[in-house]
Each structure stands twice: as structure tokens, then as C-alpha cells.
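In: missing the sequence, but the structure's below:
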């Protein structure tokens, strides 16, 4: 096979998906160090690929709600991409529109991977291996690369790369606010309410962490997740007021904070200061993994198999297995798709997939990671 001069990678998905794409991008760079590698990602997440050694240029797409505006934006992007004369196009998690975009580039070699087990890989010129098999999401992305004859080992980790000045700025900010190590970073948000562990439980873990480690805790939420932060602090204040030592209350409260609506790279630099990251199954967890920070993830309605493709030694999970209320999800071709639950608000089961995971269980795992790091 002739080595490609220009490669385009496409992934118009969520924050976590965008970060996971960096693993196969690193394999592409390793195999073709002299190729030009461009990426097309959602504008909202594009900054995380800045300063990445496997990316030469970032092109962005913003999905409009209006169909007419969306069609025009895709057409303009297709024209731009076609002018770049790519040899290869890899579409890691295709949709009908992004697959059409792949075809419109005019590239002769196209590895287009629809992750739906029953979906045909439209506009792909190669056969993507592993179709219809239940796999972690990162391995499906790797299959898109393997389809082009590139050896991609199982277990390759995603990476994002911050600048020294970004790291230093975050460190200075934490010192300014009097936050001490060890630092527990906490992600309160999730893509839907049923994927969120209750904020009062996070508050309990943060308080115990600060009391027993003499460290600090920092919540990180997006602008539209500010109500979660407010709920966290209401619960925290209710728990602190019950402490018998009055002078301890103020000291503890001063070491528990929250950053709301930070730009992605600033938030990532804050996460990079953490000893342990604790959160729901959401994008910031993948940021922590890509920065090499140990993580603890609380899973509820969805199974970790696909969305937590990380070594358990440093990236721990809490998940209640075999709940009969997880009834959604089509089967794959082998019939072993993991069951999950797609409701936004749980009324019948009282959200027991999350509620039954205790603060003590979560805190213990966080401390095990922290003490393991110290050794």
C-alpha cells in the first residue's frame, strides 16, 4: 500500500468521543510520521486537540438545529475538504451526514465506521473488521485504523497535551485559593440526570476526603450545570454544620471549591493538578484519563464495558451489576449486547442503580488510589 501524504480524520460526536479519537490518531502518527493529519471535530471540543503531536490542522463543524442551515454548513465544509485532496479519510463514528462528508472529500481510500451493529458502513472503500461484535468504544475506533492495514495494539490510551504555561496557571490559581494537596477533582455533570450520582453523596465524599487527607476538593462543572454546583454546596453546608468542632468547619469549607464554566483547556489544566478524579460517566472523566490522572467513575444506567476501556488498576469503577430495570439496547450480531436503561428520570426504581452505591464505597476507592500513588 502506498503511504498516504494527507490523511483526514472525522469524528463529529461528544466530548468523550473526541478524546477517545486521540488514541488511533497516535497510531496513525506512529505509522506515518511524515503524513499531514487533519481532523474534523465539533467546534465545541476542538480546543482539546490543540498542541497534539498527531494533529497538524483542526477543522471544525457546528451542528445547527435548523436543517437548512445544517445542510449549508456541511456543503461548505465538504467543498473545503475536497480542495485539500486527501489520500485517506477515516470516519471513526459515522452518521449518515458525516459518511456523506467522507465521500464528498473525493479520497480514494475511505474507512467509514458506523458503530451501530446492524448499520452498513456506507461510503467505506475498505472492510472494517469487528463489525457486529461487542467492543469497547476505543477498540471500534481502532478497527477504523486497522481496516487500512495499520497494526493498532489493544489497550492504547487517549492523550491530550497541555502547554507548560497552562499547567502553571492552574497551579497558581489553586495556590491562590489556598487549596492543598492531595486534590480530589470532582465532575458533577452527565449527559442526562439518571447518569448522575447524587450531589449530596459527592459532598459527603469531598468532606471526608478533606478531613482525613488534609487535602482539598474541587468541583468542575459547565455553565449550564451550575444548578448541580449549587445543590452540591447546599448539601455540603448541611453536612459541615453538623461537625462538632466549630473552628474545623470554616477550615474545611475553605478547602472545598468549584469552578463553573471554565474553557475546556483551563478545566483540563485544573484536572491535571488532581491526585484523583471522581465523577460520573462523562467527558471530563476521559480528559482526566488522557492526562494520566487516576479516576473513579460511578456508573448507573449504562454498562462500563463500552465506555470505560481503561485499566482497572488506575481507573476504577463502581457499578451495580444485573439490575432487571436495565431493559434497553438492541442485541449485536452475537446477541450479547450489554443491557442498559435510557430513561431521563427514574420514577419506578427510584434511581437505585446510583442511589445504592454508597458514599463509603466511593470514598474507599478514592483513598485506595490516593494511597497507592503515595507508595
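Out: Alright, I've got the coordinates. Here the structure is a predicted model, which is why all the values come from computation and not from measurement. Numbers count the residues shown, from 1 in each chain.
In: which stretches in the stretch 101-250 of the chain count as strands?
Out: Counting by DSSP state E, counting those that start in this stretch, the stretch 101-250 of the chain has these strands, from start to end: 109-112, 183-187, 216-221.
In: what pLDDT, on average, does the longest one get?
Out: Summarised as a single mean, pLDDT over strand 216-221 is 98.
In: the second one now?
Out: Confidence over strand 183-187 (mean pLDDT, whole number) is 98.
In: can you pull the pLDDT of the residue nearest to residue 120 when sequence neighbours are not counted?
Out: Nearest residue to residue 120 in three dimensions, chain neighbours excluded: residue 114, at 7.0 Å (Cβ to Cβ, 6 or more residues apart in numbering). Yep, even glycine has a C-beta here, placed from its N, CA and C like the rest. Looking at residue 114, its pLDDT reads 94.
In: what count of nearby residues applies to residue 114?
Out: By the criterion of other Cβ atoms under 10 Å, residue 114 has 22 neighbours.
In: got it, and residue 90?
Out: By other Cβ under 10 Å, the residues close to residue 90 number 33.
In: which element, helix or strand, includes it?
Out: Element membership for residue 90, per DSSP states H and E: strand 88-91.
In: and the contacts of that strand?
Out: Applying Cβ atoms under 8 Å, 6 or more residues apart in numbering, the set of residues contacting strand 88-91 from outside is 4, 6-11, 24, 28, 98-99, 101-102, 105, 107, 109-113, 144-145, 148.
In: what does stretch 366-374 give?
Out: Contact partners of stretch 366-374, identified using Cβ under 8 Å, 6+ apart, comprise 182, 184, 205, 209, 212-213, 275-276, 278, 294, 296, 314, 316.
In: sketch out the low-pLDDT regions of the stretch 1-150 of the chain for me.
Out: Applying pLDDT under 70 to the stretch 1-150 of the chain flags residues 1.
In: got the contact list for the residue lying closest to residue 162 once chain neighbours are set aside?
Out: Closest residue in space to residue 162, ignoring its immediate chain neighbours: residue 269 at 5.6 Å, by Cβ to Cβ, 6+ apart. Residue 269 sits next to 162, 166-167, 169-170 when contact means Cβ under 8 Å, 6+ apart.
In: cool, residue 37 as well?
Out: The contact partners of residue 37, taken as Cβ under 8 Å, 6+ apart, are 7-9, 25, 28-29, 54-56.
In: rerun that using 10 Å as the cut-off
Out: Each residue near residue 37 by Cβ atoms under 10 Å, 6 or more residues apart in numbering is listed here: 4, 6-9, 25, 28-29, 52-57, 86, 88, 90.
In: which of the residues you listed are buried? Put it as a ChimeraX command.
Out: Buried members of the contacts of residue 37, defined by 16 or more other Cβ atoms under 10 Å, are picked up in ChimeraX with:
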select :4,6,7,8,9,25,28,29,52,54,55,86,88,90
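In: looking at the contacts of residue 37, which are in helices?
Out: Of the contacts of residue 37, the ones assigned to helices by DSSP state H are 25, 28-29.
In: and which of these is nearest to residue 227?
Out: residue 25 (35.3 Å; Cβ to Cβ).
In: wait, the closest one touches residue 49, no?
Out: Yes. At 8.4 Å, residue 25 counts as touching residue 49 under the criterion of Cβ atoms under 10 Å.
In: where do the helices sit along the stretch 201-350 of the chain?
Out: Secondary structure of the stretch 201-350 of the chain (DSSP state H, counting those that start in this stretch): helices at 226-240, 246-254, 264-271, 283-290, 304-307.
In: list the buried residues in the second one.
Out: Buried residues in helix 246-254, counting neighbours by 16+ other Cβ under 10 Å, are found at 252-253.
In: likewise the last one?
Out: Buried residues in helix 304-307, defined by neighbour count with 16+ other Cβ under 10 Å: 304, 306-307.
In: just to revisit the earlier point, tell me which of the contacts of residue 37 fall in strands.
Out: 6-9, 57, 88, 90 (DSSP state E).
In: Serialize those residues to a markdown table and add fields for distance to residue 177.
Out: What follows is those, written out as a markdown table (distance: Cβ to Cβ, whole Å):
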| residue | distance to residue 177 |
| --- | --- |
| 6 | 46 |
| 7 | 43 |
| 8 | 42 |
| 9 | 38 |
| 57 | 37 |
| 88 | 47 |
| 90 | 43 |
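In: what distance separates the start and the end of stretch 309-316?
Out: Using Cα to Cα, to the nearest Å, the end-to-end distance of stretch 309-316 comes out at 11 Å.
In: hmm, I was thinking of stretch 282-298
Out: Stretch 282-298 end-to-end distance (Cα to Cα) = 10 Å.
In: what does stretch 42-62 give?
Out: Length of stretch 42-62, first residue to last, Cα to Cα: 6 Å.
In: can you check stretch 125-136 too?
Out: Start and end residues of stretch 125-136 are separated by 24 Å (Cα to Cα).
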